[in-house]
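Provide a 3D model corresponding to the input given below.
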Amino acid sequence: MGRAGALLAFHSILELIVVRHARAGLLAPVIVFLALTARVAGTDSGIAARYPGDKNIASDPAVIFADDFESYTSPSDISNKWDNVYHLQNIRIATEAGNFFAGSKALEFSLPISANEVANSLSKHLSPGRNTVFLRAYTKFDPEYSVNGSNHNGLRLSANYPGPGVMPPADGTGFFLFLLQNNIEGNLRPGEADPGYSHIYAYWPRQRSAFGDHWYPDGIVKPYASDIGNQGEWLAFPSQYPDFNPMPNFLPERNRWYCYELMVRANTPGQSNGEVKYWIDGTLISDFPNLNIRSIDTLKIDEGHIGLHAQHSERVNKKWYDNVVIATQYIGPMASGSPIPSPTPTAPAQLQNISSRLLIQTDNNVGIAGFVIGGSEAKKLLIRGLGPTLTQFNVTGVMPNPTLKLYDGSGSLITTNDDWKSTQEAAITATQLAPPNDVEAAVLATLQPGAYTVIQADASGATGVGLLEVYDLNPLASSRLLNLSTRGLVQTGARALIAGCSVAADSNDVIARALGPSLRALGVDNALADPVVTLYDSNANVIAANDNWKDSQQSAVESTGLQPPDDLDAVILARLARGNYTAIVTGKNGSVGIGLVEVYAVP
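Numbers count the residues shown, from 1 in each chain. Below you'll find the model as predicted:
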């Protein structure tokens with residue numbers, strides 16, 4: 001696909017993936033949404049597993065350098081191990097409990113209050129240079145850490161880096177740099193808060209601006225490009241990056257230690273087999289394969305770096321580093337030792353983004369979705385109705401011109417929209433979640449706690465597959481999205497009834513229900529006779545499936561008070577980690593009819 005064709009790709013920061021997953025001969029479409037704070041990959045075993053507490057880890061043949069900061073009595077000692085120490089006056093050896101991860105000491109960087117650029121850093125020259133390097137460190141932000149504007153911090157690996165503001169030669173002969181950092185780049189992305197999503201700050205031959213690009217796990221790149229928008233090359237030109245898989249963005253908590261690890265693998269000159277990836281607490285968070293970052297073999301990774309920088313700092317901001325290791329193989333988290341973890345707040349069950357895909361018809365078979373806001377505070381939401389965009393994901397028979405109507409719990413109409421640019425264009429664009437197609441619909445609304453209904457139909461009465469989405473634009477508010485329910489015609493194959501959600505807390509009890517027979521009592525004549533619900537994770541793996549709800553988990557479901565009225569309805573109760581999930585409703589033995597899919601966050 002050329003760059004002109006890529007203009008059809010999303011300007012939104014949440015990308016839709018249609019995955020076909022075979023189960024018992026059925027190709028079931030699984031809609032996977034990129035959650036705002038999810039972690040989805042498994043843990044690898046690395047060098048650290050062989051050295052409990054990192055004791056003697058420096059002796060491993062694959063380790064280039066290691067520093068636990070235990071040998072220092074003052075910051076002036078740091079230059080005994082590191083090649084460059086920048087702004088020593090803002091560096092301290094921390095010894096108070098909670099501000100070191102293991103042992104009894106850690107490194108503290110401080111940004112004083114300043115209207116001018118401030119920074120601290122340590123760098124280690126790697127000689128000889130390497131083609132593949134891993135850099136691991138334990139890091140922690142202070143409890144109120146907040147920087148407005150440019151804020152480079154974290155772990156950096158580079159080759160022949162000349163300094164900021166220089167564009168690498170496009171032919172791959174100059175330099176490259178990859179920094180694993182947290183910062184808020186430009187406008188907040190939905191769900192983002194201090195210290196900002198983790199991402200890669202990159203200098204490479206195809207970068208967009210003189211001051212580097214920001215690569216997010218979900219494939220989005222900042223700054224905006226005139227031809228492909230905020231899509232990364234991997235989203236705009238998937239044939240060139242066949243191994244790239246979008247992953248959910250990750251937002252760390254402040255005042256908590258995390259194990260960050262960055263890997264950079266330089267490509268073989270003439271081939272696109274370079275790779276940049278990173279892990280947090282041993283979980284793969286982001287992976288950028290199929291990269292071409294150099295054209296000459298002499299351009300090798302020659303420096304490892306940790307730092308804290310800001311264009312200006314309105315408060316004294318601090319970040320701690322401990323147990324730094326640089327190696328040629330995956331290192332992984334510390335096997336044991338004496339970590340002092342910071343307290344981790346617990347969060348209630350929360351649905352962060354909810355969505356449903358279905359065949360939308362006319363009259364009583366339009367797309368109907370309900371959701372509930374719980375709590376005492378108003379919540380700002382963006383509601384989208386998509387149709388034409390789905391063709392990019394091989395969905396056929398899409399709704400050509402979606403419209404939306406939003407009702408409150410009393411049935412009163414709140415607002416409507418046909419083409420999203422016809423109203424609220426500037427406000428919706430500012431969310432970075434504007435629908436990709438101008439004929440699609442969107443409503444931006446701040447709603448009080450209560451129940452709401454959204455109806456999606458076609459402006460001209462046409463039928464087709466549509467996607468209804470509800471995005472939480474202030475997930476840190478005390479109010480929460482509690483449930484999603486969608487009624488629609490359940491057919492077979494690609495026209496099953498599908499609900500997707502992102503769960504926002506580390507441990508969530510969630511119920512997925514599929515109702516059919518119960519709808520008859522509500523006057524639905526062609527209700528689905530025997531629904532089946534299947535719950536998938538973001539990798540299209542089946543978590544659980546249920547036909548008749550009393551067949552399993554009957555007592556547990558009844559204890560929630562969410563048991564369905566009819567024994568033939570289906571329910572799954574699952575404890576889910578932070579991430580993205582999809583519930584698919586089908587009819588047993590290929591039956592069709594009107595069904596209702598519901599997803600509840602169990603208090």
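
C-alpha only now, for contacts and for neighbours.
OK.

What residues does the closest residue to Val325 other than its chain neighbours make contact with?
Spatial nearest neighbour of Val325, excluding adjacent residues (CA to CA, 6 or more residues apart in numbering): Ala66 at 4.3 Å. Going by CA atoms under 8 Å, 6 or more residues apart in numbering, Ala66 touches 57-58, 323-326.

Can you give me the neighbour number for Leu413?
Leu413 has 13 neighbouring residues, counting by other CA atoms under 10 Å.

do the same with the one 5 residues further on
By the measure other CA under 10 Å, the count of residues near Asp418 is 23.

Over to Ile91?
Ile91 has 23 neighbours, counted by other CA under 10 Å.

quick one: which helix or strand includes the residue nearest to Val325?
In the assignment (DSSP states H and E), Ala66 maps to strand 63-67.

I'd like the average pLDDT over the next helix or strand after that strand.
Counting by DSSP H and E, the element after strand 63-67 in chain order, helix or strand, is strand 84-86. Taken as a whole, strand 84-86 carries a mean pLDDT of 94.

For Trp234, give me the backbone phi and psi.
Phi and psi for Trp234, reported as degrees, to the nearest 10, are phi -70, psi -30.

Please report the number of neighbouring residues for it.
Based on other CA under 10 Å, the number of other residues close to Trp234 is 22.

ok, now which ones touch it?
Counting by CA under 8 Å, 6+ apart, Trp234 makes contact with 219, 240-241, 244.

give me that answer again for 7 Å
Neighbour list for Trp234: 219, 241, 244 [criterion: CA atoms under 7 Å, 6 or more residues apart in numbering].

surely Asn120 meets Asn84?
No. Counting by CA atoms under 7 Å, Asn120 stays clear of Asn84, with 10.5 Å between them.

Please say which of those two ends up with more neighbours.
For the pair Asn120 and Asn84, the greater number of neighbours falls to Asn120 (21 against 15), based on other CA under 10 Å.

Name the next helix or strand downstream of the one helix or strand the more buried one maps to, please.
Assessed by DSSP H and E, Asn120 sits inside strand 118-130. As assigned by DSSP H and E, the chain's next helix or strand after strand 118-130 is strand 132-141.

between the helix or strand following that next one and strand 118-130, how many degrees?
The helix or strand immediately downstream of strand 132-141 is strand 153-159, counting by DSSP H and E. Calculated by axes from the mean of the first three to the mean of the last three CA atoms, to 10 degrees, strand 153-159 forms an angle of 40 degrees with strand 118-130.

now, among the contacts of Trp234, which is nearest to Val439?
Val439 lies nearest to Gly219 out of these, by CA to CA, at 24.9 Å.

And that closest one, how close does it get to Asn580?
Applying CA to CA, to the nearest Å, the value for Gly219 to Asn580 is 16 Å.

and those two? which has more neighbours close in?
Asn580 (31 against 26).

isn't the more buried one right next to Tyr536, touching?
No. At 8.8 Å, Asn580 and Tyr536 do not qualify as touching, with contact defined as CA under 7 Å.

Show me the common contact partners of these two, please.
With CA under 7 Å, 6+ apart as the test, Asn580 and Tyr536 reach no residue in common.

my guess is Ala115 meets Arg315, correct?
No. Counting by CA under 7 Å, Ala115 stays clear of Arg315, with 10.3 Å between them.
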